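Trainee: all I have is the shape, not the residue letters:
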Ligand SMILES: Cc1ncc(C[n+]2csc(CCOP(=O)(O)OP(=O)(O)O)c2C)c(N)n1
């Protein structure tokens, strides 16, 4: 912009950059054009285009999980935001900090109810911890600073700032300074004491970890507690970011189905929650448990989600006089190179053998994920990101955003073919941004999990119409064509040997690749 004057959009972009926001995942429209133009006026903001808003919001989630700070999204009025809601739902469940900038019509235009007018606040509210509509170009910058502060409020949340077009194009004041960011609240001494007493009372105890307590430092503290007390360490079925593999304290992942969770928790007399909630069944099923903790189990909160669970674990470990060396550290052991049939188990072993150190794994493999999970407990250390909100179509964008946040790390995305079809446009962004992501699509040509669920819910004998709703075989998807059509090199494999070659080659090179595993 020439001269000293700056418009609202530029004041906002400058404020975001000054507040530490470096990336804007975007799918803009007319009402966001001044924000788009401001990206060239301001140094320090990397724009990343997504060709569908579900990709944009999923990328912001993946970025936040790895960077530990928000990216901005740029979304086009209510419909753009609404297209992105499902992955904002997943991001909310992951406590990912995200700043949504949603353009709107100019303030004076609202009265005419133009075609794109909608209830943006109504769309935003259920996924956002903070929602605000700017009313003047003079406040946009301050609103932006407050949005970043709100997003960073522990443990992290979604802040949505609605930006009417005239507040973006009219002359503004100056950028707003970065606001202080709240640290997680220290856990009270009483909560620590109560947990220490419980861990000494001889009852069978499990500790359910979530959030930062599943990263290295928290795992070490939890492992020390396990060494001192014999407590089991658990995590949810789907976690935002779990650090696992060789050298890391092993945490038992709770299973997916209700009766399996009930079995896993049988005999637990005390359940200690660290940023987590008591586990419940994903769905209700006739005659099966929803609440999965035994009714006589004592539940103790060591840390609530906004509190410093890692510090609390360390305080407990010290109070117990726990040894420095944690219990349950995984050795570095690789499975033998598999032969025979190509399935999720042989593929999982191949991945375990070839996964580079500190890879990031975005896992939406659905019914094909068990093989990877089993084979990689003792593989090279890696970060595992999963489907926190159960809304499928997250894995590809999540991997893409993680790769933007961590350009020096290999990203591996494991995906069911059904879920991958929701947001496959993420592949195009991977190609355009030259991101180092290898996607493995498990092509079983069905919604396999729903075939299981159909039985479990007790639906009456399913006929051909019902079964056809779960079948993706006609026409058969061709992932090599889909990927290459978006600029991503791809290969279809049908044998263990071919998968091994393809995965080894992908691990040995940089850049986006896709491997279609025919099941
Ligand atoms: C947004 C959304 N829509 C629909 C569903 C219901 N759903 C759960 S799993 C699934 C199919 C997953 O298929 P795929 O990714 O191929 O994995 P598979 O079950 O075959 O292993 C569907 C449609 C969902 N969870 N989220």
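Mentor: Nice, thanks for sending it over. Values in this document were obtained by computation on a predicted structure and should not be read as measured data. Numbers count the residues shown, from 1 in each chain.

Trainee: got the contact list for residue 249?
Mentor: Remark: with contacts taken as CB atoms under 8 Å, 6 or more residues apart in numbering, residue 249 is in contact with 219, 220, 222, 223, 226, 233, 326, 327, 328, 329, 330. The C-beta positions use only the backbone N, C-alpha and C, and glycine is treated the same way.

Trainee: got it, and residue 154?
Mentor: Contacts of residue 154 by CB under 8 Å, 6+ apart are 182, 183, 184, 185, 305, 306, 307.

Trainee: picking that back up, identify those among the contacts of residue 249 that sit within strands.
Mentor: Mapping the contacts of residue 249 onto strands (DSSP state E) picks out residue 233.

Trainee: dump the contacts of residue 249 to TSV, plus pLDDT, distance to residue 128 and neighbour count.
Mentor: Shown next, in TSV, are these (pLDDT from 0 to 100; distance: CB to CB, whole Å; neighbours: other CB atoms under 10 Å):
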residue	pLDDT	distance to residue 128	neighbour count
219	98	31	26
220	98	34	20
222	99	31	31
223	98	36	24
226	98	37	23
233	98	33	23
326	98	38	22
327	98	40	19
328	98	38	16
329	98	39	15
330	98	38	17
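
Trainee: between the contacts of residue 249, which is nearest the ligand?
Mentor: If you rank the contacts of residue 249 by distance to the ligand using CB to the nearest ligand atom, residue 330 comes first, at 26.3 Å.

Trainee: next one: that closest one from residue 406, what distance?
Mentor: 22 Å (CB to CB, to the nearest Å).

Trainee: what's the answer for residue 241, then?
Mentor: Taking CB to CB, one finds residue 241 at 11 Å from residue 406.

Trainee: what do the two both touch?
Mentor: With contacts defined as CB under 8 Å, 6+ apart, the residues shared by residue 241 and residue 406 are residue 66.

Trainee: what count of nearby residues applies to whichever residue of the chain sits closest to the ligand?
Mentor: Closest residue of the chain to the ligand, CB to the nearest ligand atom: residue 416 (2.3 Å). Residue 416: 25 surrounding residues under other CB atoms under 10 Å.

Trainee: residue contacts, it?
Mentor: Per CB under 8 Å, 6+ apart, neighbours of residue 416: 364, 365, 366, 367, 368, 392, 441, 442, 444, 448, 449.

Trainee: give me the subset of those residues that also touch the ligand.
Mentor: 366, 367, 368, 392, 444, 448, 449 (CB under 6 Å from any ligand atom).

Trainee: follow-up on the earlier one: partners of the residue of the chain closest to the ligand in the sheet?
Mentor: Under the criterion DSSP bridges, residue 416 forms beta bridges with residue 442.

Trainee: per-residue confidence at it?
Mentor: With respect to pLDDT, residue 416 scores 98.

Trainee: adding distance to the ligand, write the contacts of residue 249 out as a markdown table.
Mentor: A markdown table is the format used below for these (distance: CB to the nearest ligand atom, whole Å):
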| residue | distance to the ligand |
| --- | --- |
| 219 | 29 |
| 220 | 34 |
| 222 | 30 |
| 223 | 32 |
| 226 | 33 |
| 233 | 27 |
| 326 | 34 |
| 327 | 34 |
| 328 | 30 |
| 329 | 32 |
| 330 | 26 |
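
Trainee: re the thing from before, widest-spaced pair of the contacts of residue 416?
Mentor: Between any two of the contacts of residue 416, the greatest separation by CB to CB is 15.6 Å, found for 441 and 449.

Trainee: who's more crowded, those two?
Mentor: Legend: neighbour count by other CB under 10 Å for residue 441 and residue 449, higher for residue 441 (31 against 17).

Trainee: what's near enough to touch the more buried one?
Mentor: When contacts are counted by CB under 8 Å, 6+ apart, residue 441 touches 415, 416, 417, 420, 479, 514, 515, 516, 517.

Trainee: out of the residues you listed, who has the most neighbours?
Mentor: When neighbours are taken as other CB under 10 Å, the top entry among the contacts of residue 441 is residue 415 (31 neighbours).

Trainee: ok, that residue touching residue 438?
Mentor: No: Residue 415 is beyond contact range of residue 438, at 11.2 Å (criterion: CB atoms under 8 Å).

Trainee: bridged to residue 99, which residues?
Mentor: Judged by DSSP bridges, the bridge partners of residue 99 are residue 72, residue 159.

Trainee: just give me the neighbour total for the nearest residue to residue 379 once chain neighbours are set aside.
Mentor: Distance criterion CB to CB, 6 or more residues apart in numbering; nearest residue to residue 379, sequence neighbours excluded, is residue 352 at 4.2 Å. For residue 352, the neighbour count with other CB under 10 Å is 23.

Trainee: for residue 156, same thing?
Mentor: 25.

Trainee: one more: the one 5 residues further on?
Mentor: Counted with other CB under 10 Å, residues neighbouring residue 161 total 26.

Trainee: did I read that right, it in a strand?
Mentor: Yes: using DSSP: H, G, I helix; E, B strand; the rest coil, the assignment for residue 161 is a strand.

Trainee: which residue packs closest to it, ignoring adjacent ones?
Mentor: Spatial nearest neighbour of residue 161, chain neighbours left out: residue 147 (4.5 Å); criterion: CB to CB, 6+ apart.

Trainee: and if you look at residue 403?
Mentor: residue 435 (3.9 Å).

Trainee: now do the same contact list for the one you found.
Mentor: Residue 435 neighbours (CB under 8 Å, 6+ apart): 400, 403, 404, 407, 411, 429, 511, 512.

Trainee: swap in residue 104?
Mentor: Under the criterion of CB under 8 Å, 6+ apart, the neighbours of residue 104 are 31, 77, 110, 120, 133, 162, 163, 164, 165.

Trainee: buried only: go through the residues you listed for me.
Mentor: With burial judged by 16 or more other CB atoms under 10 Å, the buried subset of those is 31, 77, 120, 133, 162, 163, 164, 165.

Trainee: keep only those that also lie close to the ligand.
Mentor: Of these, not one also sits near the ligand (CB under 6 Å from any ligand atom).

Trainee: related to what we said a few turns ago, name the helices or strands packed onto the helix or strand encompassing the residue nearest to residue 161?
Mentor: Element membership for residue 147 (DSSP states H and E) is helix 140-151. Applying 3 or more CB pairs under 8 Å, 6 or more residues apart in numbering; DSSP states H and E, we find helix 140-151 packed against helix 8-18, strand 98-104, strand 130-133, strand 158-164.

Trainee: so what does the helix or strand that the second one is followed by touch, helix or strand wise?
Mentor: It stands for strand 98-104. Note on strand 98-104: by DSSP H and E, the next helix or strand toward the C-terminus is helix 120-124. Here helix 120-124 touches helix 77-83, strand 98-104, strand 130-133, strand 158-164, going by 3+ CB pairs under 8 Å, 6+ apart.

Trainee: which of the contacts of residue 154 lies closest to residue 215?
Mentor: Closest to residue 215, out of all of those and judged by CB to CB, is residue 184, at 12.8 Å.

Trainee: give me the neighbour count for that closest one.
Mentor: By other CB under 10 Å, 21 other residues sit near residue 184.

Trainee: how about the nearest residue to it, chain neighbours excluded?
Mentor: In space, residue 184 is closest to residue 308, 3.9 Å off (CB to CB, 6+ apart).

Trainee: the one you found: neighbouring residues, count only.
Mentor: Other residues close to residue 308 by other CB under 10 Å number 20.

Trainee: pretty sure it sits against residue 183.
Mentor: Yes: counting by CB under 8 Å, residue 308 does reach residue 183; the two are 7.4 Å apart.

Trainee: touching, residue 265 and residue 293? I think so.
Mentor: Yes: if you go by CB under 8 Å, residue 265 and residue 293 touch, sitting 5.7 Å apart.

Trainee: what sits in contact with each of the two?
Mentor: Shared contacts of residue 265 and residue 293, counting by CB under 8 Å, 6+ apart, come down to 271, 279.

Trainee: the ligand contacts on the chain?
Mentor: Near the ligand, when you scan the chain using CB under 6 Å from any ligand atom, you find 86, 366-368, 390-393, 416-419, 444, 446-450.

Trainee: that older thread, quick check: the residue nearest to residue 403 is in a strand.
Mentor: No: assigned with three-state DSSP, residue 435 falls outside any strand and is coil.
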